[in-house]
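Student: Next one to model:
(one chain, ligands or ions: 1)
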Amino acid sequence: MKPGEAAAATHPPQPDFVSGAHIDAAAYEAMYRQSVEDPEGFWGEHGKRLDWIKPYTEVKNTSFRMGEVEIHWFRDGTLNVAANCIDRHLKTRGDQTAIVFVPDDPGDPVRHITYRELHEKVNRMANVLLSQGVMRGDRVVIYMPMIPEAAYAMLACARIGAIHSVVFAGFSADGLANRINDCGAKVVITADSAPRGGRKTALKSNTDAALLHCSDRVRCMVVKHTGDQTSWIQGRDVDVLQLMEHASPDCPPRELASEHPLFILYTSGSTGKPKGVVHSSGGYLAYAAMTHEYTFDYHEGDVFWCTADVGWVTGHSYIVYGPLANGATTVMFEGVPTYPDAGRMWQICQDLKVNQFYTAPTVIRALMGQGTDWVEKYDLSSLKVLGSVGEPINPEAWEWYNAHVGKGRCPIVDTWWQTETGGHLLTPLPGATATKPGSATKPFFGVQPVVLEAESGKEIDSTEAEGVLCIKDSWPGQMRTVWGDHDRFQETYFSHYKGYYFSGDGCRRDADGYYWVTGRVDDVINVSGHRMGTAEVESALVAHQAVAEAAVVGYPHEIKGQGIYAYVTLMNGVEATEELRKELEKWVRTEIGPIAKPDIIQWAPGLPKTRSGKIMRRILRKIAENDFGSLGDISTLADPSVVDELINNRMNRG
Ligand code: WT7
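Tutor: Okay, here's the model as predicted:
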């Protein structure tokens, strides 16, 4: 069955929800029409949700033409992102909680940080950065646990015009070093260690190891969070919290151009090393704030919880920038969904009276597997809207989320977007859109999705369509370039289908014009909502001395969505042992990080290749899926017998 074919169950918005919602169906239609017919007028108006130092007169200046791609929004305006997320709220919301911090250990106290306190901390941290010689445009890498200091660091950079690059704490020392070097960071901000689920990741010692591969001018700022003993290099390492105590609580926000880069975030693609996705200040913030308000139907006073990590774009847009720009109370949770037990998330929702809850299908599936007792045990009556992000949500998980978490009264918003897009592109609006489980439904304002024929690149006009998902014109939250490599930016997103932004996803549009994203059409896999380039894992594997060749594909995984399946050909004379398998798993963890560890390594005496030497991944994917009946044409293989051998090995593993 194709996605959408079981679309019997549509869930229209409930009348009592609609009456209190920002946007109902008629408003959506009218605003959407204006947003695409008159983007200048529409965004000219909605850009005003931010406080500008110098108001813009130019709204949109964008081109998707290969060779001349450029994207500018509100170009002649100036603003400061931190001032928009903090200072402008002080008058009316100084004593309101900006961030609720929930520590990993349920025995540790929850901390409520008011907007006033946030202001003070961010100013102090900004002054510490200045004292370390960080200037406008300098890059600062942030490698931190999910603690308020991570948000302070991001906002402190924004305040002084430094460009932050948050590296997820699950990346290894090598992964960290590559990112520090690629963006030429002057400073890395880290913590002693990161507790998660009762276990700790030694961030400082990973940073020490990373910095061995970096310029010796890179400074290391350490937040002493757990108090764990770490090594200390005089002259390089500084104690941030101590310096903050002595720093001035005043640091004027710097006036910055709308297009000044706010941050770089590395993400995997189908080829090469991870790309540094560059986001802007004005356009990004306006888009993050607007999607946060409308997608979640956020209202003044609501408590908003996005369970992502700040190391991913979801955490940037929907833990930090979007909610804070809207003056919301945003929850930051350090722990994991199953520690100390599978009721943790629901307990937090109950205790903090969470109104909007935003998580990933992999989390829902994992908790679903623990039974309904955990969720029934807590009072979830504060919840109003539930969100999903990261991968297509399977209808079973959707229905469970709806029935047991939302009790059938909370609209579910399945939001499709990417690191590159800055905010939601396809999403229901809870007061406007009838939902269908598994569909990200309709475009957000200003977004013009198109479905193209994969081969010809022809736009399919009929409502019902199946092909690749592209976007026809720019929206303010769009990435601006790849750090240091604008050619790669154009090549990756604008060269496959001329004049369009290519998302890398396949999709189907049904008779109602609803979009069903079916997953990546390139060599990228989605593991628990984390994007992983197969080429990256392959190059880590072949860097091991025992490995001659490797091919990595995704396969369906019950909890993670996709798992990592690696076919490995060993060097002549190397014996395929269980120890070696373990060693290779550990190797990948060290080279990239725990999130890249292969779920299955299959020894492959040979790989299926065409006569010109190209690995036929299509066949490898089928074998990994245990789908041997539909391998398709294998006559173009240089040696078709490898296929039988791989199938036999696969079957013997059970
Ligand atoms: C890829 C982007 C954007 C935040 C999280 C991941 C997949 C994401 C959905 C969804 C179907 C989805 C796509 C996309 N994806 N959300 N609601 N339905 N697929 O960001 O790491 O940049 O990954 O995640 O394949 O291209 P990312």
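Student: how much space between residue 140 and residue 277?
Tutor: Taking Cβ to Cβ, to the nearest Å as the measure, residue 140 and residue 277 are separated by 16 Å. Heads up, the C-betas are built off the backbone N, CA and C, glycines and all.
Student: Give me the more crowded residue out of those two.
Tutor: Looking at residue 140 and residue 277 with other Cβ atoms under 10 Å, you find the greater number of neighbours at residue 140, namely 27 against 24.
Student: show me the contacts for the residue of the stretch 101-250 of the chain found nearest the ligand.
Tutor: Nearest to the ligand in the stretch 101-250 of the chain, going by Cβ to the nearest ligand atom, is residue 168, at a distance of 10.5 Å. Contacts here follow Cβ atoms under 8 Å, 6 or more residues apart in numbering; on that basis residue 168 touches 309, 311, 312, 593, 595.
Student: for the residues you listed, which one is nearest the ligand?
Tutor: The shortest gap between the ligand and any of those belongs to residue 312, at 6.2 Å (Cβ to the nearest ligand atom).
Student: Double-check the closest one against residue 530; I have them as touching.
Tutor: Yes. In this structure, residue 312 is within contact of residue 530 by Cβ atoms under 8 Å, at 7.4 Å.
Student: For residue 542, which non-adjacent residue is spatially closest?
Tutor: Leaving out its chain neighbours, the residue that sits closest to residue 542 by Cβ to Cβ, 6 or more residues apart in numbering is residue 550, at 5.4 Å.
Student: which secondary structure elements does the strand or helix carrying the one you found contact?
Tutor: Element membership of residue 550 [criterion: DSSP states H and E] is strand 547-557. Secondary structure elements in contact with strand 547-557, counted by 3 or more Cβ pairs under 8 Å, 6 or more residues apart in numbering; DSSP states H and E, are strand 524-527, helix 534-542, strand 561-570, helix 617-624.
Student: Paired strands for that strand, with orientation please.
Tutor: Strand 547-557 has these partner strands in its sheet, going by DSSP bridges: strand 561-570 (antiparallel).
Student: ok, then the element right after the partner strand?
Tutor: The helix or strand immediately downstream of strand 561-570 is helix 578-591, counting by DSSP H and E.
Student: what residues does the stretch 501-650 of the chain put near the ligand?
Tutor: For the stretch 501-650 of the chain, the residues in contact with the ligand under the definition Cβ under 6 Å from any ligand atom are 503, 504, 505, 517, 519, 520, 526, 529, 531.
Student: ok, now with 8 Å
Tutor: Those residues of the stretch 501-650 of the chain that sit near the ligand, judged by Cβ under 8 Å from any ligand atom, are 503, 504, 505, 517, 519, 520, 524, 526, 529, 530, 531.
Student: got these as TSV, with neighbour count, secondary structure and pLDDT columns?
Tutor: As requested, those are arranged in TSV below (neighbours: other Cβ atoms under 10 Å; DSSP: H, G, I helix; E, B strand; the rest coil; pLDDT from 0 to 100):
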residue	neighbour count	secondary structure	pLDDT
503	24	strand	98
504	21	strand	96
505	21	strand	97
517	21	strand	96
519	17	strand	91
520	18	strand	92
524	22	strand	93
526	19	strand	94
529	20	coil	89
530	24	strand	91
531	21	strand	91
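Student: how close does the closest residue to the ligand within the stretch 301-450 of the chain get to residue 277?
Tutor: The nearest approach of the stretch 301-450 of the chain to the ligand comes at residue 419, 3.4 Å away (Cβ to the nearest ligand atom). Per Cβ to Cβ, residue 419 is found 5 Å from residue 277.
Student: Give me the common contacts of the two.
Tutor: Among the neighbours of residue 419, those also in contact with residue 277 (Cβ under 8 Å, 6+ apart) are 265, 267, 313, 479.
Student: So what's the residue count around the last one?
Tutor: Pointing back at residue 479 there. The criterion is other Cβ under 10 Å. On that basis, residue 479 has 25 neighbouring residues.
Student: what does the first one give?
Tutor: Neighbour count of residue 265, defined by other Cβ under 10 Å: 26.
Student: Numbering from 874 from now on, please.
Tutor: Happy to do that; since the first residue is 874 now, the last one works out to residue 1138.
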